[in-house]
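Trainee: Using only what follows, build the 3D model:
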Amino acid sequence: MPCVFVRLTGCNLRCTWCDTAYAFHGGKKMSVDEVMARVDELAGNGAGADGKNAGWKPALRGERIVPLVELTGGEPLLQEEVYPLAERLVAAGYTVMIETSGVKFVGRLPREVIKIVDVKCPDSGEADTFEMKNLEAVGANDEIKFVISSRKDYEFAREFTREHRLNEKLKQVLFSPVFDDPQGKWKGLEPRQLVEWMLEDGLPVRLGLQLHKFVWHPATKGV
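Mentor: All right, here's what the predicted structure looks like:
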């Protein structure tokens, strides 16, 4: 679905297959007001930086109305301003999602924010970083995601899902195969192989593919 991405700089993890290492540094310092104004501009909402006139208007010919915003990184929860930003976006009528590595507690976010929380598998190099209190903070509108690069990762994700009965408390559980690095730094996992394992075990989880890497070149930014 069309979505405005707000990508925040910085991450405290170094996953072996990270495809957004460019977000570890750099970026542009912006206030919450400035971010809101930029989101409104990209969404075609027409509200100013002061938040006035927020809310949805009928779509006219040629207008671009995008009600969906995702906060991502890096690790977005490392920046304290993410919390007032999330509150402002929700208040302005956006559907707000956040993608997080699972290392930080998500319970401080507004309840309305859809939380997509990673649990790092062994081959990521960042196993055992998951904040277990997040299992109590997520609910029926939220998702937990496992990025899987091997059979070892798959078995870890399968057992974690079963042990914590994730499918009973979440909107969905995502198993996502690692994509081949365009520069050959790491080998990905064939989606078909992952699907076959999932079917063999009859897991009530959803396959998650990085669709933008099929539509555009896998190294393309800003899509």
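
Trainee: Next, the buried residues of the helix or strand bottoming out on mean pLDDT in the chain.
Mentor: Using mean pLDDT, DSSP states H and E, the weakest-scoring helix or strand in the chain turns out to be helix 212-215, at a mean of 74. Neighbour counts over helix 212-215 (16 or more other Cβ atoms under 10 Å) mark K213 as buried. All C-beta atoms are positioned from the backbone trio N, CA, C, and that covers glycine.

Trainee: Which residues outside that helix are in contact with it?
Mentor: Helix 212-215 is contacted from outside by F179, T220, V223, using Cβ atoms under 8 Å, 6 or more residues apart in numbering.

Trainee: cutoff 10 Å now
Mentor: With contact meaning Cβ atoms under 10 Å, 6 or more residues apart in numbering, helix 212-215 is reached by D19, F179, D180, P182, G188, P218, A219, T220, G222, V223.

Trainee: Convert stretch 16-25 to PDB, retaining C-alpha atoms only.
Mentor: Provided in PDB are the C-alpha atoms of stretch 16-25 (Å, rounded to 0.1, in the frame of the first residue of the first chain):
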ATOM      1  CA  THR A  16      24.900  -9.700   9.700                       C
ATOM      2  CA  TRP A  17      22.400  -9.200   6.900                       C
ATOM      3  CA  CYS A  18      21.400  -5.600   7.500                       C
ATOM      4  CA  ASP A  19      20.200  -3.900   4.300                       C
ATOM      5  CA  THR A  20      19.900  -0.400   5.700                       C
ATOM      6  CA  ALA A  21      23.400   0.200   7.200                       C
ATOM      7  CA  TYR A  22      23.300   3.600   5.500                       C
ATOM      8  CA  ALA A  23      20.800   4.600   8.300                       C
ATOM      9  CA  PHE A  24      23.500   4.100  11.000                       C
ATOM     10  CA  HIS A  25      24.800   7.600  10.400                       C
END
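
Trainee: List the residues that contact the nearest residue to S124 once chain neighbours are set aside.
Mentor: Take S124 and drop its neighbours on the chain: the residue closest to it by Cβ to Cβ, 6 or more residues apart in numbering is C15, 4.4 Å away. C15 makes contact with 21, 101, 118, 120-121, 123-126, 129, 147, 149, 178, 186, according to Cβ under 10 Å, 6+ apart.
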